[in-house]
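Asker: here's my sequence, what's the structure:
(2 chains)
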Amino acid sequence: MKREAFAQRRGVFLVIAWLAAFVALGCGKGGEGGGGASGEPRRERAAIRIAVVTHGQASDTFWSVVKNGVDRAAKDMGVTVTYNAPQTFDMVAMSRLIDAEVAKKPDGLVVSVPDPRALAKSLEAARSAGIPIVTINSGGDAGKEMGALIHVGQAEYDAGKGGGERMAKAGAKSAICVNHEVGNASQDERCRGFGDAMEKAGGKSRVLAVNAADLTDAQGKIGAALTEDVDAVFTLGPLGSRAALGALKAAGKLGKVQLGTFDLSPDVLAAVRDGQMAFAIDQQQYLQGYLPVVMLTQYKLYGVMPAGGALPTGPAFVTKDNAAAVINWTKEGLR
Amino acid sequence: MSAAKKLLDRPELGVAAAVVAAWLFFAFYAGDSGFLSSRGTATYLEIASELGILAAPVALLMIAGEFDLSIGSTMAACGMTIALCCDKLGWPIWGGIAAAAALALAVGFFNGFVVTKTRLPSFIVTLGSLFILAGGTIGMTRLITGRTQIGGLEEAGGFGAAETLFAGHVGPISASVLWWIAITALAAWVLLRTRSGNWIFGVGGAPDSARRVGIPVARVKISLFMMTSLAACLVATFQVVKFTGADVLRGTGKELEAILAAVLGGTLLTGGRGSVLGAACGALLFGMVQQGIVFAGVDSDWYKVFLGAMLLLAVLLNSSVQTRMAEARR
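Answerer: Numbers count the residues shown, from 1 in each chain, chains lettered A, B, ... in the order given. Next comes the predicted model:
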């Protein structure tokens, strides 16, 4: 599992290195100090406009890392990027944000697709307007059907399954899967993968829905669900894991009940480092923000795009062994 | 009174001025990025139409002195009812829509009945049904399907016809805009030209005298609650058909947007005064601002600030125009 993750990561790093070299060659010449002779003029790049629409709520640290990736890439590439997300997890609102962006005719559209059917029409409109699409985070297969050039993210079911296998191997028999984003198909997939892996190992898992916008509420619900037989909690993001940590602490079960999560945050990493949490599944979402902007810029300029249809950014596992190294980056909002 | 004075007397004038101001603002700031294009116009009209369909009966209900906070959850429940009927029971889409409408009418009747029987504030009663419906929708759906969203409704019988009626287009204009115009016209006619309209003003403005002169207060209120629920069901149907599926959160927060649209349009929070056309303008303003912000390229972190500020400005403009009108009349 681990080797696989590293192999995937190496692939991603190769792509980055390649792109970075590209940037250094192309941008460095014409860009720095404004003294470059050749290279494409900066104005040409500044005229490139890429629209990013995700379903991520601003309160979620996960998505602010994605946005940091987007902003950083816009700066590195010298292109103009707009970032939009609905205020709550609302597919209708999100489809309308896409509609508005499509009406603005950007040079590229980066979009997460948590509910393919709800967003199908808006994405179709984008495609028929000739706007190149890159999907990120969720909805890889569906995105391909709708004509996306590439998907940057992780396979949710498999990642959930990987989490379940780890949990079962550590001896968990009865788990709860905490869903903080009810209505997002990817989250359902994660819990399904997790549950399937647990069942295969002879254990069981049930889904607990909590409200991401209200930490107190989430913590209370998790606390109430921590009955005697529950020996593992699996959360789907930093919001859920913070609530779970709080609930376990209040119940005096910290470190006794297995805890695993999707996605990193300073809290999560500290808990992993201190042995309160078994593992965190890292999907390296900074790249989900950064890479599409780079790729679409290159696509606009030279018509190039990585082949293969998908660029997996995860799952990579962070455990006690490597947690300390990652902590500083999360503080800067880069991981 | 001269014709000009009569025009100035309309409660819609303030919000209409705000609509024009917002349009000019975005045309100036975001005109070249697509706000003025037919596609841009169609996107904000569509948002406005769905909100406007809710706002028309909500305005009537508020004029009658009551609130309905449950319509957001009613939307989610109705959408999911349609999806479950088609997906799990294999019903044609019309069966699902009929079931959802029946549910909506029942919810509206329940709200109205409890409010008029117990004399509890409708704010509390409908807040209760908001939670019951929201939780019930999530619970039932997960119990039956194990998921929180259902798709693939385009395979249900009769879907094509439903699509034409609820999600079709006339040119770039979506069907919901035509529904909006029809419903607004109907509600305005009821309010201004029928005996029921007088009853609504009476029930909200002077409830005791209304009761004394024999207006069937309970009947008026209950039917208005049923109308707001039915409107929520209609909007849910639009979304289910357009997006060929439902999820358990759709419609969350719509109740406040509908109240906001009605208030922007000059409907008093305390009842007794208001306008259906004003509510329609309020919905239009809301849709325009919401999409205009995207066209103007405002970073979504600042989204709500901008939305709130624009709406506050609109209300201020609205009330200042009305004050000036009142002074001019003296």
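
Asker: quick check: residues of the stretch 151-300 of chain B near chain A?
Answerer: The stretch 151-300 of chain B has residues B:151-152, B:239, B:242-245, B:247-250, B:252-253, B:290-291, B:294-295, B:297, B:299-300 near chain A, with proximity defined as Cβ under 8 Å from any Cβ of the partner chain. (Each C-beta comes from the backbone N, C-alpha and C, glycine too.)

Asker: for stretch A:314-332, how far is the first residue from the last?
Answerer: Start-to-end span of stretch A:314-332 (Cα to Cα, to the nearest Å) is 20 Å.

Asker: how about stretch B:244-255?
Answerer: 23 Å.

Asker: just the buried residues of it, please?
Answerer: Neighbour-count burial for stretch B:244-255, counted by 16 or more other Cβ atoms under 10 Å in any protein chain shown, picks out B:244-252, B:254-255.

Asker: again, but for stretch B:147-158
Answerer: B:147-151, B:153, B:156.

Asker: all helices of the chain, in order?
Answerer: Went with chain A since none was named. A:2-31, A:42-46, A:61-77, A:91-103, A:116-128, A:140-145, A:156-169, A:185-200, A:215-225, A:238-250, A:266-273, A:285-302, A:323-331 (DSSP state H).

Asker: chain B, not that one
Answerer: Under DSSP H, chain B gives helices at B:3-8, B:12-30, B:38-63, B:71-87, B:93-118, B:122-145, B:159-167, B:175-193, B:195-205, B:207-212, B:217-242, B:254-264, B:276-295, B:303-329.

Asker: could you dump these to TSV with distance to A:M167?
Answerer: As requested, the helices of chain B are arranged in TSV below (distance: least, Cβ to Cβ, whole Å):
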stretch	distance to A:M167
helix B:3-8	70
helix B:12-30	50
helix B:38-63	43
helix B:71-87	32
helix B:93-118	39
helix B:122-145	22
helix B:159-167	42
helix B:175-193	47
helix B:195-205	58
helix B:207-212	61
helix B:217-242	37
helix B:254-264	39
helix B:276-295	41
helix B:303-329	38
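
Asker: just the ones of the residues of the stretch 151-300 of chain B next to chain A in strands?
Answerer: Cross-referencing those against strands under DSSP state E gives B:151, B:245, B:247.

Asker: sorry, back to before: how about JSON lines for the helices of chain A, with mean neighbour count, mean pLDDT and distance to chain B added?
Answerer: Below are the helices of chain A laid out as JSON lines (neighbours: other Cβ atoms under 10 Å in any protein chain shown; pLDDT from 0 to 100; distance: least, Cβ to the nearest Cβ, whole Å):
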{"stretch": "helix A:2-31", "mean neighbour count": "14", "mean pLDDT": "53", "distance to chain B": "23"}
{"stretch": "helix A:42-46", "mean neighbour count": "14", "mean pLDDT": "80", "distance to chain B": "14"}
{"stretch": "helix A:61-77", "mean neighbour count": "21", "mean pLDDT": "92", "distance to chain B": "8"}
{"stretch": "helix A:91-103", "mean neighbour count": "25", "mean pLDDT": "92", "distance to chain B": "4"}
{"stretch": "helix A:116-128", "mean neighbour count": "20", "mean pLDDT": "90", "distance to chain B": "4"}
{"stretch": "helix A:140-145", "mean neighbour count": "18", "mean pLDDT": "82", "distance to chain B": "10"}
{"stretch": "helix A:156-169", "mean neighbour count": "23", "mean pLDDT": "92", "distance to chain B": "13"}
{"stretch": "helix A:185-200", "mean neighbour count": "23", "mean pLDDT": "92", "distance to chain B": "5"}
{"stretch": "helix A:215-225", "mean neighbour count": "17", "mean pLDDT": "88", "distance to chain B": "12"}
{"stretch": "helix A:238-250", "mean neighbour count": "23", "mean pLDDT": "89", "distance to chain B": "15"}
{"stretch": "helix A:266-273", "mean neighbour count": "22", "mean pLDDT": "88", "distance to chain B": "21"}
{"stretch": "helix A:285-302", "mean neighbour count": "24", "mean pLDDT": "95", "distance to chain B": "14"}
{"stretch": "helix A:323-331", "mean neighbour count": "16", "mean pLDDT": "84", "distance to chain B": "20"}
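
Asker: I'd like those as JSON lines, with distance to B:R273 appended.
Answerer: Converted to JSON lines, these look like this (distance: least, Cβ to Cβ, whole Å):
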{"stretch": "helix A:2-31", "distance to B:R273": "62"}
{"stretch": "helix A:42-46", "distance to B:R273": "52"}
{"stretch": "helix A:61-77", "distance to B:R273": "44"}
{"stretch": "helix A:91-103", "distance to B:R273": "32"}
{"stretch": "helix A:116-128", "distance to B:R273": "39"}
{"stretch": "helix A:140-145", "distance to B:R273": "49"}
{"stretch": "helix A:156-169", "distance to B:R273": "52"}
{"stretch": "helix A:185-200", "distance to B:R273": "46"}
{"stretch": "helix A:215-225", "distance to B:R273": "38"}
{"stretch": "helix A:238-250", "distance to B:R273": "44"}
{"stretch": "helix A:266-273", "distance to B:R273": "52"}
{"stretch": "helix A:285-302", "distance to B:R273": "50"}
{"stretch": "helix A:323-331", "distance to B:R273": "55"}
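
Asker: out of those helices, which gets nearest to B:V115?
Answerer: Taking Cβ to Cβ, helix A:215-225 is the member of the helices of chain A nearest to B:V115, at 27.9 Å.

Asker: so who does the closest residue to chain A within the stretch 101-250 of chain B touch?
Answerer: With Cβ to the nearest Cβ, the shortest gap between the stretch 101-250 of chain B and chain A falls at B:G151, namely 3.7 Å. Shown in contact with B:G151 (Cβ atoms under 8 Å, 6 or more residues apart in numbering or on different chains): A:115-118, B:244-245.

Asker: over to B:I200?
Answerer: Going by Cβ under 8 Å, 6+ apart, B:I200 touches B:60, B:63-64, B:191, B:220, B:224.

Asker: nearest residue to it other than its sequence neighbours?
Answerer: Distance criterion Cβ to Cβ, 6 or more residues apart in numbering or on different chains; nearest residue to B:I200, sequence neighbours excluded, is B:A64 at 4.9 Å.

Asker: separation between the one you found and chain A?
Answerer: 29 Å (Cβ to the nearest Cβ, to the nearest Å).

Asker: quick check, pLDDT for that residue.
Answerer: Confidence at B:A64, expressed as pLDDT, is 95.

Asker: tell me, how many residues neighbour it?
Answerer: Applying other Cβ atoms under 10 Å in any protein chain shown, we find 26 residues neighbouring B:A64.

Asker: next one: A:T80
Answerer: As a burial measure, A:T80 scores 16 neighbours (other Cβ under 10 Å).

Asker: what residues are up against the residue nearest to it when sequence neighbours are not counted?
Answerer: Computed as Cβ to Cβ, 6+ apart, the closest residue to A:T80 that is not its neighbour in sequence is A:R49, at 4.7 Å. Counting by Cβ under 8 Å, 6+ apart, A:R49 makes contact with A:79-82, A:104, A:106-107.
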